[in-house]
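>>> Model the structure of this input:
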Amino acid sequence: MAYAFKLPDVGEGTTEGEIIRWLVHVGDIVALDQPLVEVETDKAVVELPAPVAGRVMQCVGAPGERVLVGTPLVWIDDGQDGNEVPPEASQQTPQGRPLLMDNREGGVRAAPFTRRLAKEAGVDLTTLKGTGPRGRIVPADIPAPKTIEEPTSLPHADERRRPLVMSSMRQRIAAHLLDSVRNIPQVTVVDRIDATELMAMRTQLNRSLEGQGESKISYLAMCAKAVCIMVQEFPELNARWEQETLYLYPSVHLGVAVDTEMGLIVPVVKEAQTLRLTELAEHIHRLADDARHKRLSADKMQGSTITVTGGGQLGGLFATPIINAPEVGIVGMYPIVYEPRKTDHGYEDRPIMYLSLTFDHRVMDGVRASKSLAFLKTLMQEPYQLLRYMH
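Residues are numbered from 1 along each chain as shown. Okay, the predicted model is just below:
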């Protein structure tokens with residue numbers, strides 16, 4: 001009989017998704033968990049796998065169209081006995097409401113996000129010609145708002161300039177970050193550690209893991225473990241705002257910022273405080289790989305209570321990360337640099353790592369935040385403590 005595969009909630013609070021491209025066609029035979037379609041939400045671009053094996057009967061929607069969560073995307077004949085639902089039924093809900101979001105008001109096709117951009121830019125959508133599917137207006141069609149009129153006496157703008165067309169994924173990331181900055185009073189405290197012991201322990205652990213088929217332990221994994229320990233002493237950092245109430249969580253659902261070609265994605269390690277250092281390193285490695293290959297499922301992208309981010313290896317001393325709302329804290333760690341330090345033998349170049357904590361000033365004051373960062377610093381400078389904490 002026909003199995004209706006409906007668009008799942010592939011991200012926390014997601015209500016809709018945009019079809020990027022179909023990976024199957026009508027008549028194809030698909031296996032269980034075979035990718036069917038690539039969908040973009042406000043969280044990530046993901047490939048949705050087949051929940052059953054069978055023959056594709058119908059693919060609902062074209063690339064560029066937005067679909068509501070809970071509505072059919074693909075009809076699959078799974079070969080089981082039963083009453084077959086005609087594919088034509090997928091075009092309407094029982095109440096007759098279209099499943100595909102036409103997003104058309106006043107004769108204009110545009111997604112809610114595009115309409116918001118137009119409103120903020122003071123642009124009348126009816127004056128624009130859409131370049132999207134079926135004449136749909138997309139964000140790239142909206143001209144940038146004019147902030148200051150250029151005096152006529154000034155030379156004309158360089159005609160070689162060109163507008164930067166941001167992907168819808170990039171625009172959603174920008175909107176999320178802007179919302180965080182507007183609504184959260186964020187303060188960042190920074191400190192640095194002597195990473196000598198950290199480097200030595202990591203080298204020793206990775207040597208012991210050679211030949212065992214396990215992932216190498218990264219500095220990010222070591223910092224993530226330290227964060228799990230830190231929030232046990234400073235529980236107000238392991239929290240989320242839900243409407244106007246702040247909820248503290250006994251479990252650490254650790255968000256890990258991952259840089260992908262689509263943009264920054266934050267998969268979540270659930271119950272991270274229960275994992276040993278080697279287990280946590282393996283979880284982070286697997287999630288990062290899934291994020292870069294669009295294999296993240298919905299439960300792996302929602303519910304984080306605090307986030308950790310790495311500064312990468314391309315330069316920069318430290319940064320001031322933006323809180324991943326609705327959380328209240330984010331920890332940043334940065335590449336090791338060598339700086340001169342005074343020792344008993346004069347000045348020596350020592351490996352130094354900078355750490356940062358951006359916190360919600362509504363939740364804690366600067367002194368408390370500095371104490372929490374100092375606690376994290378101690379764990380990172382005396383890293384063998386990380387092996388003592390199983391939970």
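
>>> Output the contacting helices and strands for the helix or strand harbouring Leu48.
Assigned by DSSP states H and E, Leu48 falls within strand 45-49. For strand 45-49, the contact count by 3 or more C-beta pairs under 8 Å, 6 or more residues apart in numbering; DSSP states H and E identifies strand 35-40 as packing neighbours. No exception for glycine: its C-beta is placed from N, CA and C like everyone else's.

>>> that older thread, so which residues make contact with the strand holding Leu48?
5, 7-8, 10, 20, 23, 32-40, 73, 169, 262, 294-297 (C-beta atoms under 8 Å, 6 or more residues apart in numbering).

>>> now stretch 282-292
Identification of contacts with stretch 282-292 by C-beta under 8 Å, 6+ apart yields 44, 214-215, 218, 220-221, 224, 256, 258, 260-261, 265, 267-269, 272, 275, 295-296, 300.

>>> Now, of those, which are buried?
44, 215, 218, 220-221, 224, 256, 258, 265, 267-269, 272, 275, 296, 300 (16 or more other C-beta atoms under 10 Å).

>>> Taking these, tell me the two that lie furthest apart.
Pairwise distances across the buried ones among the contacts of stretch 282-292 (C-beta to C-beta) peak at 23.2 Å, for the pair Ala44 and Leu275.

>>> Now stretch 344-364: average pLDDT?
The average of the pLDDT scores along stretch 344-364 is 94.

>>> same check, this time on stretch 237-252
Averaged across stretch 237-252, pLDDT comes to 95.

>>> tell me which residues in it are buried?
Buried residues in stretch 237-252, counted by 16+ other C-beta under 10 Å: Leu237, Asn238, Ala239, Arg240, Trp241, Val252.

>>> Quick one: end-to-end length of that stretch, please.
Start-to-end span of stretch 237-252 (C-alpha to C-alpha, to the nearest Å) is 10 Å.

>>> need the contact list for the closest residue to Thr358 other than its chain neighbours.
Leaving aside its sequence neighbours, Thr358 sits nearest to Thr188 (C-beta to C-beta, 6 or more residues apart in numbering; 4.5 Å). By C-beta under 8 Å, 6+ apart, the residues touching Thr188 are Thr320, Pro321, Ser356, Leu357, Thr358, Phe359.

>>> in the helix or strand encompassing the fourth one, what's buried?
Right, Leu357. Using DSSP H and E, Leu357 sits within strand 346-360. The neighbour-count check on strand 346-360 (16+ other C-beta under 10 Å) flags Arg350, Pro351, Ile352, Met353, Tyr354, Leu355, Ser356, Leu357, Thr358, Phe359, Asp360 as buried.

>>> and the fifth one, what are its bridge partners?
According to DSSP bridges, the residues that bridge with Tyr354 are Arg192.

>>> Would you mind extracting the C-alpha trace of the strand holding Leu357 into PDB?
Extracted in PDB, the C-alpha atoms of strand 346-360 (Å, rounded to 0.1, in the frame of the first residue of the first chain):
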ATOM      1  CA  GLY A 346      64.600  33.600  32.500                       C
ATOM      2  CA  TYR A 347      62.100  34.100  29.700                       C
ATOM      3  CA  GLU A 348      60.900  31.000  27.800                       C
ATOM      4  CA  ASP A 349      58.400  30.600  25.000                       C
ATOM      5  CA  ARG A 350      55.400  28.700  26.400                       C
ATOM      6  CA  PRO A 351      52.300  27.300  24.600                       C
ATOM      7  CA  ILE A 352      49.400  29.500  25.500                       C
ATOM      8  CA  MET A 353      45.700  28.900  24.800                       C
ATOM      9  CA  TYR A 354      43.000  31.600  25.100                       C
ATOM     10  CA  LEU A 355      39.600  30.700  26.500                       C
ATOM     11  CA  SER A 356      36.400  32.800  26.500                       C
ATOM     12  CA  LEU A 357      33.000  32.700  28.200                       C
ATOM     13  CA  THR A 358      30.200  34.700  26.800                       C
ATOM     14  CA  PHE A 359      27.300  34.800  29.300                       C
ATOM     15  CA  ASP A 360      23.800  36.300  29.700                       C
END
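
>>> How far away from the center of its chain is it?
27 Å (C-alpha atoms, centre = their mean, to the nearest Å).

>>> What is it packed up against?
strand 186-194, helix 196-209, strand 329-333, strand 337-343, helix 366-381.

>>> Just name the most buried of these.
Most buried of these, by mean neighbour count (mean count of other C-beta atoms under 10 Å): strand 329-333, with a mean of 26.

>>> which secondary structure elements does that strand contact?
When contacts are defined as 3+ C-beta pairs under 8 Å, 6+ apart, strand 329-333 packs onto helix 219-233, strand 306-310, strand 346-360.

>>> Going toward the C-terminus from the first one, what's the next helix or strand?
Using DSSP H and E, the helix or strand that follows helix 219-233 towards the C-terminus is strand 239-242.

>>> Return the alpha-carbon coordinates of the helix or strand just after that next one using CSV.
On the C-terminal side of strand 239-242, the closest following helix or strand by DSSP H and E is strand 245-248. In CSV, the C-alpha atoms belonging to strand 245-248 read as follows (Å, rounded to 0.1, in the frame of the first residue of the first chain):
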residue,chain,number,x,y,z
THR,A,245,11.2,31.5,32.5
LEU,A,246,14.8,30.3,32.9
TYR,A,247,15.1,26.5,33.4
LEU,A,248,18.2,24.9,34.8
